[in-house]
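> predicted structure and sequence below. I'll ask about it afterward.
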Amino acid sequence: MVHKLYEPYAHPFVRVVQGSPISWKPNVATQYHQRNVGRAVWSPCGGFIAVALSDSIEVLDVVTLERLYTFEHPRDWSLWLCFSPDSRLLTRFNNKLELTSWDLQTGGPVSTIPGLGDPRNVCISSTYSTDGKLLAVAYEDIGYSGSTILIYDLLSRTCTCCYDSPQGPKMVSIWTHGGCIRFAVVGSGSITIWEVGFTSTDAPIEVERFPVPGNFGYLEGALFLPALSRFASNSQAGVMVWDARNSKLLLNTGKIEAVGMSFSYDGRFFAYGTTTAEIYIWKESDAGYKLHRKLLPTYLSYSKPFISPDGESIVTTHGFVIQLWRTADPTPSPSVDPTRSGDYFILEFSPDETLAVVGRVLGNTATVLDLKSGDPRLIVDAGMGIIGLRVTLDTIVVVGEGKIVTWTLPTGDCTFNARVNTDESVRATTYNYSVPYRRIMFPCASVSPNLNQVAIVKGFSDGLDIHDASTGEHLAGTIAKVLMPWFTPDGHEVWCMPNRTLEGWAIVKDSESGVAKLEPVGPTIHPSGGIPQRSSRGYQVSDDWWVVSPSGKRLLWLPHDWRSYEWSRRWSGRFLGLWHKELPEAVILELGE
């Protein structure tokens, strides 16, 4: 009944031709910035996320990452953020010990306390008093090699020094315990818990002491979860989590380069990032922490995770990107072979828009898709690392590392998912190819529309070469730094897109010698037939990630994992091919009004 009532209004503008993308799900949100993103912090109520930028702090919605507030401040990268217990106040604390608080209900500043230190200070932990009037901040003096707790009175805008720890032991966390502050100090083989009143002038007293194994790298990174007395450390030996109260090892990752660690409030989830832009989420079990999910953020940079208080969500900051994930989502992470992670796809359409061919750069397999049905028509085992593809109504050409191979496509009532290998090709041609020792960018190739020539770029610094597809003979070349070549429809010009600019060459043969050469095309000339990364029919992807029709109608808001760079898109008429190098598949969309 619902379908009959709403079918006229629910006609799909976009159809997924190649399956259903694994990461096409509503529980991921992404926000891009022009500036680097720093620390993030969740409000105790779980309703806000505050993120530090170089000259401002943004408060975001926890469902959509929509920007709710922006608080500007003098340019500073070393920021510490914390919310008051009622989630009303947000406080910023920098390495000069300057404090500023904002009221989220009014959107205005509450108080500012001038700096008391020098830039050598590094904040490590903070906690509010239960009434939210006092704030304790622990910091390290890098030159002094000791730790200090400062107490700030937000109403009187005054600051008093509470405690200086001795040199050597490392303070890892502070928290509120009734009307007092407790803090954990890690020394040789033990964790000591100390307590002092928020307004007391007495010296702190020791209240508990727990053993810690000697192989814990607490001097290089540490985190203490007071509710469960769990101690996490990060060192060259790896990430370890220790149940201090019960003297039990809960996690030992082995050697891994980790950046940032985070517990949920109840300790059910534990997460850390890596220098290779991966996020590992571990979930509590009877046997300790077991790997729950592995996330692959969309920006290759140091990735830092921050788990929500309830452990159900996690926000990651990496480079210029903020991403929101659901830790409890039962859908498994995309299965990506780590040896292939970081490779791009090659996706090409046939001139008549009936077929598409797709494969991974330097992968061995290419798949020809029927765009009408969405089914694989032919699967090619090239037996070599693929760097270029071309498909026509009856032919597929694969360019690999040193070889150009051609197959004839099945015709008539052919069986879908048919497979072929190099033994069944109609032509295999070798050409002179040597992979640079240090390749800055991936190699790529393009086959001319008449299938007679191949343009090859081995790497960004290795120039462009034109080869004869039937003989492998080198015809012409240039030493220009280029990427992603393609031929114009008439095959007389080859174009590249280095550094998001266009550069083209005409393929010219000397009338007497017959020798070909490349002549640069003027900078004011644009390639005939358009640019593969841009639609020739007027479709476009807007700055706010909508796919827009030629008439200006918004057709589809791109899901976050498919918001790739321009060179990770391929247009052909009403079809849009999308891929992201960290995902295991490409997707092709058929667009319409």
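Structure received.
> low pLDDT regions in the stretch 251-400 of the chain?
Residues of the stretch 251-400 of the chain meeting the criterion pLDDT under 70: 297-301, 328-343.
> all helices of it, in order?
In the stretch 251-400 of the chain, no helices are found when defined by DSSP state H, counting those that start in this stretch.
> which stretches in it count as strands?
Counting by DSSP state E, counting those that start in this stretch, the stretch 251-400 of the chain has these strands, from start to end: 258-263, 269-274, 279-285, 288-295, 304-307, 313-318, 321-326, 345-349, 355-360, 365-370, 376-381, 386-391, 395-400.
> want to throw the ones you listed into TSV with mean neighbour count?
Heads up, the C-betas are built off the backbone N, CA and C, glycines and all. As requested, those are exported to TSV (neighbours: other Cβ atoms under 10 Å):
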stretch	mean neighbour count
strand 258-263	21
strand 269-274	25
strand 279-285	20
strand 288-295	17
strand 304-307	23
strand 313-318	25
strand 321-326	21
strand 345-349	23
strand 355-360	24
strand 365-370	20
strand 376-381	20
strand 386-391	25
strand 395-400	25
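> thought Leu464 was touching Ala445, still the case?
No: between Ala445 and Leu464 there is no contact under Cβ atoms under 8 Å: 10.2 Å.
> overlap in contacts of those two?
Both Ala445 and Leu464 are in contact with Ala455, Ile456, Val457, Pro485, where contact means Cβ atoms under 8 Å, 6 or more residues apart in numbering.
> out of the residues you listed, which are inside strands?
Mapping those onto strands (DSSP state E) picks out Ala455, Ile456, Val457.
> tell me which residues touch the last one, please.
Spelled out, it's Val457. Val457 is in contact with Pro443, Cys444, Ala445, Gly463, Leu464, Asp465, Val482, Leu483, Met484, Pro485, Cys496, counting by Cβ under 8 Å, 6+ apart.
> hmm, 10 Å instead?
Val457 makes contact with 387-388, 441-446, 463-465, 480-485, 496, 498, according to Cβ atoms under 10 Å, 6 or more residues apart in numbering.
> quick check: bridge partners of it?
Note on Val457: beta-bridge partners by DSSP bridges are Cys444, Leu464.
> picking that back up, okay, the strands of the stretch 251-400 of the chain in TSV with distance to Arg554 next?
Below are these laid out as TSV (distance: least, Cβ to Cβ, whole Å):
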stretch	distance to Arg554
strand 258-263	37
strand 269-274	35
strand 279-285	32
strand 288-295	29
strand 304-307	32
strand 313-318	27
strand 321-326	23
strand 345-349	24
strand 355-360	25
strand 365-370	27
strand 376-381	31
strand 386-391	31
strand 395-400	35
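> nearest to Leu251, out of those?
With Cβ to Cβ, the closest approach to Leu251 among the strands of the stretch 251-400 of the chain belongs to strand 288-295: 4.2 Å.
> what's that closest one packed up against?
Contact here means 3 or more Cβ pairs under 10 Å, 6 or more residues apart in numbering; DSSP states H and E; on that basis strand 288-295 packs against strand 238-243, strand 248-252, strand 269-274, strand 279-285, strand 313-318, strand 321-326.
> mind listing what the third one pairs with, with the direction of each?
Each strand that strand 269-274 pairs with, and the sense of that pairing, follows from DSSP bridges: strand 258-263 (antiparallel), strand 279-285 (antiparallel).
> just how off-centre is the last one within its chain?
When distances are taken as Cα atoms, centre = their mean, to the nearest Å, strand 279-285 is centred 19 Å away from the chain's centroid.
> and it, C-alpha only, in PDB?
The C-alpha coordinates for strand 279-285 follow below in PDB (Å, rounded to 0.1, in the frame of the first residue of the first chain):
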ATOM      1  CA  ILE A 279      41.900   2.900  14.200                       C
ATOM      2  CA  TYR A 280      41.700  -0.200  16.300                       C
ATOM      3  CA  ILE A 281      38.700  -0.700  18.600                       C
ATOM      4  CA  TRP A 282      39.000  -3.300  21.300                       C
ATOM      5  CA  LYS A 283      36.000  -4.700  23.300                       C
ATOM      6  CA  GLU A 284      36.100  -6.100  26.800                       C
ATOM      7  CA  SER A 285      35.700  -9.800  27.200                       C
END
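> between the shared contacts of Ala445 and Leu464, identify the one with the most neighbours.
Within the shared contacts of Ala445 and Leu464, Ala455 tops the neighbour count with 29 neighbours, counted by other Cβ atoms under 10 Å.
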